[in-house]
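# 3D model of this:
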Amino acid sequence: MKWILADHDADSASRLAEEASIHPLIARLLVSRGVSAAAGARSFLFPDRSSLTSPLVFTGMEASVSRIRDAINSREQIVIYGDYDVDGVTGSAILYHTLRELGASVRSYIPDRITEGYGLNKTALGSLARSGVRLVITVDCGITAVDEATAARNLGLDLIITDHHESALIKGSGGPACAGLPAAFSVLHPACLSPDLPASTQEDLRNLTGAGVAFKLAQALLGADPADPRISQYLDLVTLGTVADMGRLTGENRVLVKQGLERLSSDGPGLRPGIVALKEVANLVGRRVTAGTVGFGLAPRINASGRLDRADTAFQLLTTSDLDEARRLAESLDEVNRQRQAMEEEIWTEARELCLQANLRGTGAFVLASESWHPGVIGIVASRIVDEFYRPTALISLKDGVGKGSARSIPGFDLYGGLSRCSALLKGFGGHKYAAGLTVAEDRISELRGCLSDAVLDSLDAEGFVRKLTVDVPVTFSDLTLDLLRDLERMEPFGLGNPEPRFGAKHLEVQSLRSVGNGNRHLKMRLRQNGISLDAIAYGKAESMGEMLRNGCRIAAVFTPKINAWNGSVCIQLEIKDVKVEKN
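Numbering: from 1, shown residues only. Take a look at the predicted model:
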């Protein structure tokens, strides 16, 4: 791993620290994130919902709202057609609650991942039309469903598409760029915005997830000010969807997630029953919920339903008003999640062994396939393969000669663009720069492997396969105080677009080290510098780091400092990202 010290403008950081009355290290971090003015620092550290953009900037919003209100007034049956992942389920729940509040006759439809696959399908649309439905609203899907949208129109269905995924049909931003999209009644997509919007606002809104777009539609339907409680009640759901779908935590997303995490952290009476029950099974009651907590504690349990079963259970959890029912549903999701974890480990072991047999020097991407791999779990394993081997990876589940795959990428390689280059080999694909899904005939997988690998090798040079770790600020242990760490917490939520600050320190003596945690996977250390000792932990690195470290050795380390509260005591703990042994 290559360590890179982040560039910074020392004069701008010093000026910002003085003008905004903030710690110099916080000022340096803000400047490195493009925030150099005092007003910008205040809005970053204390985001306000009043800064949210009007939902009417979406070119299809007025038509969508008008059609939905007509359906409510005429008591038409409305169906919310959502995706089965966290983003789709939470976005569907937002619209369901909103429409119910407005008096609509509404129900949901979430396709089965195994039998129906992702997105709109003609069979489901036909069934809905025969049941008397006349209005279907998609959530987190539909932007590439050209044939399905035409089928819906022929069936007499008005289709409102709300989605955020990439589409080759979108040529840019603004109305004309979206004219060639599926022939739906209306389309709500972050690329289809008023061309009069400033470029910076358009770029910011492009980062909305499926739940974010659903939230904007809810805001428009309610006609409410962003600070209205009718809007704020959905901040928990949009936060779950945005974090789980790796939305950039900047701009509008930052405002929504920052305040949504505060809502999720509350244990008061205003918390929805499904979230109460979910926090109980995840052992999060009474604890502060962060973006990391969502990603590793809450989202996987919601996702488990759609991965191994139908996502209806997760949807019911987020829409029920009965706490006892919510607890029953949460326990069910927790059990399914445990099954998912066991299945994931089996697939991981097999896939990792295949990667170890490969010649990394000539491999641009891994494309692996098996009939024994569950399609609902392979995306998680693909992410783990990427983390260990640092290569774009597609894992494919085979059945009856057809493979359904999930792919993940690395910084520097546009996965959606790479799959576009290989589109002639695929039955279908969709997704983003870093994550995508695909369908491929079994006899074309070898060609796909070569095509995608070539696309990566053509795009990246040798340096592109070197994992880089940016060090934001070099520090000494004397710099690290509880007051500084409390200031650092104001910079949350951390994630894509606003990464956790990484500090670097040299000449650290290892006083002790031991393996801890489930399976002894984590390495616990005590480090000392200039007479100051701090606890440190390296998650998942007991084996790799344990082999190179010993008591008494000196190291340089990159870490994120955290406040650790345990049994009533509060201390600083370093979360280690990487270490290098210093030569004597």
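
# Contacts only, for Ser36.
With contact taken as CB atoms under 8 Å, 6 or more residues apart in numbering, Ser36 is in contact with 9, 12, 15-16, 30. (Each C-beta comes from the backbone N, C-alpha and C, glycine too.)

# From these, pick the one nearest Leu240.
Distance to Leu240, by CB to CB, is smallest for Leu30 among the contacts of Ser36, at 27.0 Å.

# contacting residues for that closest one?
Residues near Leu30 by CB under 8 Å, 6+ apart: 13, 16, 22, 36, 40-41, 44, 491.

# now for those residues, which pair is the farthest apart?
Using CB to CB, those span at most 15.1 Å, a distance reached by Ser36 and Met491.

# Report the secondary structure state of Gly88.
Per DSSP: H, G, I helix; E, B strand; the rest coil, the local secondary structure of Gly88 is helix.

# Ignore what I typed, I meant Gly295.
Following three-state DSSP, we place Gly295 in the helix state.

# My read is that it contacts Ala244, right?
Yes. Between Gly295 and Ala244 there is a contact under CB atoms under 8 Å: 6.8 Å.

# Pick out whichever of those two has more residues nearby.
Neighbour count, other CB atoms under 10 Å: between Gly295 and Ala244, Ala244 has more, with 24 against 16.

# Check which residues of stretch 254-273 are buried.
Going by neighbour count (16 or more other CB atoms under 10 Å), the buried part of stretch 254-273 is 254-261, 263-265, 271-273.

# Restricted to helices, list those residues.
Secondary structure defined by DSSP state H assigns 254-261, 263-265, 273 of the buried residues of stretch 254-273 to helices.

# where does the residue nearest the centre of the chain fall, helix, sheet strand or coil?
The geometric centre of the chain, computed from its C-alpha atoms, lies nearest to Met246 (CA atoms, centre = their mean), at 2.0 Å. Assigned with three-state DSSP, Met246 falls in the coil class.

# Repeat that for Ala556.
Ala556 ends up strand, using three-state DSSP.

# before we move on, what about Ile396?
Going by three-state DSSP: Ile396 is strand.

# Gly540 contacts Asn520, correct?
No. Gly540 is beyond contact range of Asn520, at 10.9 Å (criterion: CB under 8 Å).

# Buried subset of the contacts of Ser36, written for PyMOL?
Selection command for PyMOL covering only the buried members of those, criterion 16+ other CB under 10 Å:
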select buried, resi 12+15+16+30
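
# Tell me which of the contacts of Ser36 fall in helices.
Among the contacts of Ser36, the members falling in helices (DSSP H) are 12, 15-16, 30.

# Go through whichever helix or strand Ala149 is part of and flag the buried ones.
With secondary structure defined by DSSP states H and E, Ala149 is part of helix 146-154. Buried residues in helix 146-154, defined by neighbour count with 16+ other CB under 10 Å: 146, 148-149, 151-152.

# Remind me what that helix packs against, helices and strands.
Under the contact definition 3 or more CB pairs under 8 Å, 6 or more residues apart in numbering; DSSP states H and E, helix 146-154 sits against helix 122-130, strand 158-162.

# Which residues does it contact?
119-122, 125-126, 129, 136, 142, 158-159, 161, 169, 182-184.

# which of those residues are buried?
The buried subset of those - by 16+ other CB under 10 Å - is 119-121, 125, 129, 136, 142, 158-159, 161, 169, 182, 184.

# Can you give me the end-to-end span of stretch 2-12?
End-to-end span of stretch 2-12 (CA to CA, to the nearest Å): 27 Å.

# oh sorry, the question was meant for stretch 302-319
Start and end residues of stretch 302-319 are separated by 13 Å (CA to CA).

# so how far is that stretch from its chain's centroid?
Stretch 302-319 has its C-alpha centroid displaced from the chain centroid by 17 Å (CA atoms, centre = their mean, to the nearest Å).

# Would you mind checking the average pLDDT for that stretch?
Across stretch 302-319, the average pLDDT comes to 88.

# Quick check: nearest residue in space to Ile555, chain neighbours excluded?
Among residues not flanking Ile555 along the chain, Val579 sits closest, at 4.8 Å (CB to CB, 6 or more residues apart in numbering).

# Give me the three-state assignment for the one you found.
For Val579, the assignment made with three-state DSSP gives strand.

# Same question for Arg514.
Under three-state DSSP, Arg514 falls in the strand class.

# how far away is Phe429 from Ile396?
Here Phe429 is placed at a distance of 12 Å from Ile396 (CB to CB, to the nearest Å).

# before we move on, back to that, output the ones in helices among the buried residues of stretch 254-273 as CSV; include the columns distance to Tyr96 and pLDDT.
Output for these, formatted as CSV (distance: CB to CB, whole Å; pLDDT from 0 to 100):
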residue, distance to Tyr96, pLDDT
Arg254, 26, 96
Val255, 23, 96
Leu256, 19, 97
Val257, 21, 97
Lys258, 25, 96
Gln259, 21, 95
Gly260, 18, 96
Leu261, 22, 97
Arg263, 18, 95
Leu264, 19, 96
Ser265, 24, 95
Pro273, 15, 97
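
# Name the nearest of those relative to Ser66.
Using CB to CB, Leu256 comes nearest to Ser66 of these, at 25.4 Å.

# The residue nearest to that closest one when sequence neighbours are not counted: helix or strand, and which one exactly?
Nearest residue to Leu256, sequence neighbours excluded (CB to CB, 6+ apart): Val238, at 5.2 Å. Assigned by DSSP H and E, Val238 falls within helix 235-244.

# List the contacts of Leu333.
When contacts are counted by CB under 8 Å, 6+ apart, Leu333 touches 278, 281, 301-302, 304-305, 313-314, 317.
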